[in-house]
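Enquirer: fold the stuff below for me.
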Amino acid sequence: MDLKDLLKDIEKYIDEEVTISGWIRNHRKQKEFGFIDFSDGTSFNHLQLVYTNKLANFEEIAKYPIGAAITATGRIIKSEGAGQDYELSISNIKLEGDCDEDYPLQAKGRPTREFLREQAYIRPRTNLFQAVFKIRSVAAMAIHEYFQNNNYVYVHTPLLTTAACEDPDQMFKITTLDMNDIKKVDGQVDWREDLFNKPTYITGSGQLQGETFALAFKKIYTFGPTFRTENSNTKTHANEFWMIEPEIAFCDLDHVMDIEEEMLKYIVKYVLDKCSDEIEFLNKFVDSTLKEKLTKLLDSNFVRITHHDAITLLKNSGVNFEFNPDYDDDIAKEHEKYITEYYNSPVFITNWPKDIKAWYMKENPDHKTVAAVDLEVPGAGELIGGSQREDDYDKLMARAKEMNVDVDTVDWYMNLRRFGGCYHSGFGMGFERLIMYLTGIENIRDVLPYPRTPGNCEY
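Expert: Numbers count the residues shown, from 1 in each chain. I've put the predicted structure just below:
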């Protein structure tokens, strides 16, 4: 049986015989008996297995190494030792898979996260990464439940695309052309020889395709992998990551902020409810403020300020920032930190300078800003970015040309404004940024099962 089911109602199994299969996490051997710290991955909590020299194969069991896979049968009894209330008194144990002496996760010392990144295939067996990836799984379920419960349609947007929602220079290119023998016509690549007959990218966002479904189903969301070529080695960037991107018809900027706040609170509460053991562990060993931070978010009323007012706040702060706040520019990490600490709450920053935002965002009446919003959260900075989309065909076309967008590749997207278009909005949330926030983990490499970052594409 699964350890999770056993531990959930363990008193029911006292003096009952049960069989469990999993791995040895630690093994203490003595002259007449031994103790095995057992885990099968279904529960964050472990179970102690006890065996004595009354077993015929006692000497053999005593040699079972850390990391070995076993199947154990025995009776659940109340424990006489400290650290656990119950244990399994073994009557039979079978070695399912031995473990060599060079197993990376020995009992001596606690391996560093840097070391475990080099052993990514084995790190899910540690307590830290079992907590992180369980929370990742539960958070994904929370996201689906929130949107499904609110009448959203889940859309699988393409991973291969000829339409660049983001800067094409930051997107991976794919081709079936022979890279050692590229044929050119008038100095340009002859794309007629390629499988798709035109330049094709691995998606950096499913937004544009998502909008087409929002104007049919009213409310949709995408949740899948995205890719960027950004050559950045910061703690918050990766070249492959997951994104949640809802798109909602008949929705303005104020309404989309309501949705963002409601969704985030739903996910946080869901994780706190479903992963209490994991949160307690992370609160103890990773970030002592984690539980307080997450609980506080649930009771917060998110602040809403304009980009202009945020810059004014920074300029009047008296703080000597490394990067000077500017009304025409983005805000830096240090600015995000100051703003969230000043309000002691998550903060929506709205109405950004149009020259630093994407071409598809709705221009405000001042002709200087766009109806865009970033959500800044305490301890993590920017978590969600969104906007009201430009629904005027002529304005969108003019803006696309102004931003040097190849309009021939997005003519279908433009046509949404001609064929029953309406005001609509959407946002994107990086899933790994969310998991970092939920776990207190500071490096994105430690919330991705197999991180893809510059110079690193192992496994």
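
Enquirer: please name the nearest non-neighbouring residue to residue 198.
Expert: Excluding the flanking residues, the one nearest residue 198 by Cβ to Cβ, 6 or more residues apart in numbering is residue 191, at 5.2 Å. (Each C-beta comes from the backbone N, C-alpha and C, glycine too.)

Enquirer: hmm, that neighbour is touching residue 183, no?
Expert: No - counting by Cβ atoms under 8 Å, residue 191 stays clear of residue 183, with 9.7 Å between them.

Enquirer: name the residue in the two with the higher neighbour count.
Expert: Using other Cβ atoms under 10 Å as the criterion, residue 191 and residue 183 rank with residue 191 on top: 16 against 11.

Enquirer: tell me who's in contact with the more buried one.
Expert: Applying Cβ atoms under 8 Å, 6 or more residues apart in numbering, one finds that residue 191 lies in contact with 197, 198, 199.

Enquirer: next: residue 413.
Expert: Residues near residue 413 by Cβ under 8 Å, 6+ apart: 163, 208, 211, 212, 360.

Enquirer: now for these, which pair is the farthest apart?
Expert: 212 and 360 (12.7 Å; Cβ to Cβ).

Enquirer: more neighbours: the two, which one.
Expert: Higher neighbour count among residue 212 and residue 360: residue 360, with 22 against 17, using other Cβ under 10 Å.

Enquirer: I figured the more buried one hits residue 397, correct?
Expert: No - the criterion here is Cβ under 8 Å, and residue 360 misses it with residue 397 at 11.2 Å.

Enquirer: for residue 234, which three-state class applies?
Expert: Per DSSP: H, G, I helix; E, B strand; the rest coil, the local secondary structure of residue 234 is coil.

Enquirer: residue 385 versus that one, what's the distance?
Expert: Residue 234 is 17 Å from residue 385, where distance means Cβ to Cβ, to the nearest Å.

Enquirer: circling back: next, give phi and psi for the residue nearest to residue 198.
Expert: phi -70, psi -10 (degrees, to the nearest 10).

Enquirer: element containing residue 7?
Expert: helix 3-8 (DSSP states H and E).

Enquirer: other SSEs contacting whichever helix or strand comes after that helix?
Expert: With elements assigned by DSSP H and E, the helix or strand that comes after helix 3-8 is strand 17-29. Judged by 3 or more Cβ pairs under 8 Å, 6 or more residues apart in numbering; DSSP states H and E, strand 17-29 is in contact with helix 3-8, strand 33-39, strand 69-78, strand 86-97.

Enquirer: mind running it again at 10 Å?
Expert: Secondary-structure packing of strand 17-29 (3 or more Cβ pairs under 10 Å, 6 or more residues apart in numbering; DSSP states H and E): helix 3-8, strand 33-39, strand 47-52, helix 58-61, strand 69-78, strand 86-97.

Enquirer: and the helix or strand hosting residue 432, C-alpha only, in PDB?
Expert: In this structure, residue 432 is located in helix 431-439 according to DSSP H and E. Below are the C-alpha coordinates for helix 431-439, written out as PDB (Å, rounded to 0.1, in the frame of the first residue of the first chain):
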ATOM      1  CA  PHE A 431       5.000  29.100 -13.100                       C
ATOM      2  CA  GLU A 432       8.500  28.800 -11.700                       C
ATOM      3  CA  ARG A 433       8.400  32.300 -10.300                       C
ATOM      4  CA  LEU A 434       5.200  31.200  -8.500                       C
ATOM      5  CA  ILE A 435       6.900  28.100  -7.100                       C
ATOM      6  CA  MET A 436       9.800  30.100  -5.900                       C
ATOM      7  CA  TYR A 437       7.300  32.300  -4.100                       C
ATOM      8  CA  LEU A 438       5.500  29.300  -2.600                       C
ATOM      9  CA  THR A 439       8.600  27.600  -1.400                       C
END
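
Enquirer: gap between it and the chain center?
Expert: 5 Å (Cα atoms, centre = their mean, to the nearest Å).

Enquirer: how about the helices in this protein?
Expert: 3-8, 58-61, 113-117, 127-149, 207-217, 253-274, 276-285, 290-298, 307-315, 333-343, 393-402, 411-415, 431-439 (DSSP state H).

Enquirer: for the fifth one, what is the average pLDDT?
Expert: Across helix 207-217, the average pLDDT comes to 96.

Enquirer: packing partners of that helix?
Expert: Packing contacts for helix 207-217, counted by 3+ Cβ pairs under 10 Å, 6+ apart, involve strand 153-154, strand 219-227, strand 240-249, helix 411-415, strand 424-430.

Enquirer: repeat that with 7 Å
Expert: Using 3 or more Cβ pairs under 7 Å, 6 or more residues apart in numbering; DSSP states H and E, the elements in contact with helix 207-217 are strand 219-227, strand 240-249, strand 424-430.

Enquirer: who does the closest residue to residue 91 other than its chain neighbours form a beta bridge with?
Expert: Spatial nearest neighbour of residue 91, excluding adjacent residues (Cβ to Cβ, 6+ apart): residue 74 at 4.8 Å. Beta bridges link residue 74 to residue 18, residue 90 when assigned by DSSP bridges.

Enquirer: identify the residues contacting residue 49.
Expert: Counting by Cβ atoms under 7 Å, 6 or more residues apart in numbering, residue 49 touches 36, 38, 72, 87, 88, 90.

Enquirer: neighbour count, pLDDT and distance to residue 226 added to these, as TSV?
Expert: Formatted as TSV, these follow (neighbours: other Cβ atoms under 10 Å; pLDDT from 0 to 100; distance: Cβ to Cβ, whole Å):
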residue	neighbour count	pLDDT	distance to residue 226
36	28	97	43
38	23	97	39
72	22	97	43
87	22	96	46
88	28	97	45
90	20	97	48
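
Enquirer: from those, which is closest to residue 50?
Expert: residue 87 (5.3 Å).

Enquirer: if I look at that closest one, how far off is residue 81?
Expert: Noted for residue 87: a distance of 8 Å to residue 81, by Cβ to Cβ.

Enquirer: pLDDT weak spots in the stretch 151-300 of the chain?
Expert: Applying pLDDT under 70 to the stretch 151-300 of the chain flags residues 164-166.

Enquirer: now with 80, please.
Expert: Within the stretch 151-300 of the chain, the stretches with pLDDT under 80 are 163-169.

Enquirer: mind checking how far residue 392 is from residue 449?
Expert: Counting by Cβ to Cβ - residue 392 and residue 449 are separated by 43 Å.

Enquirer: how about residue 113?
Expert: 14 Å.

Enquirer: the more surrounded of those two?
Expert: residue 113 (16 against 13).

Enquirer: count the neighbours of the spatially closest residue to residue 145 that is not a sequence neighbour for me.
Expert: Spatial nearest neighbour of residue 145, chain neighbours left out: residue 270 (7.2 Å); criterion: Cβ to Cβ, 6+ apart. Neighbourhood size, residue 270 [other Cβ under 10 Å]: 17.
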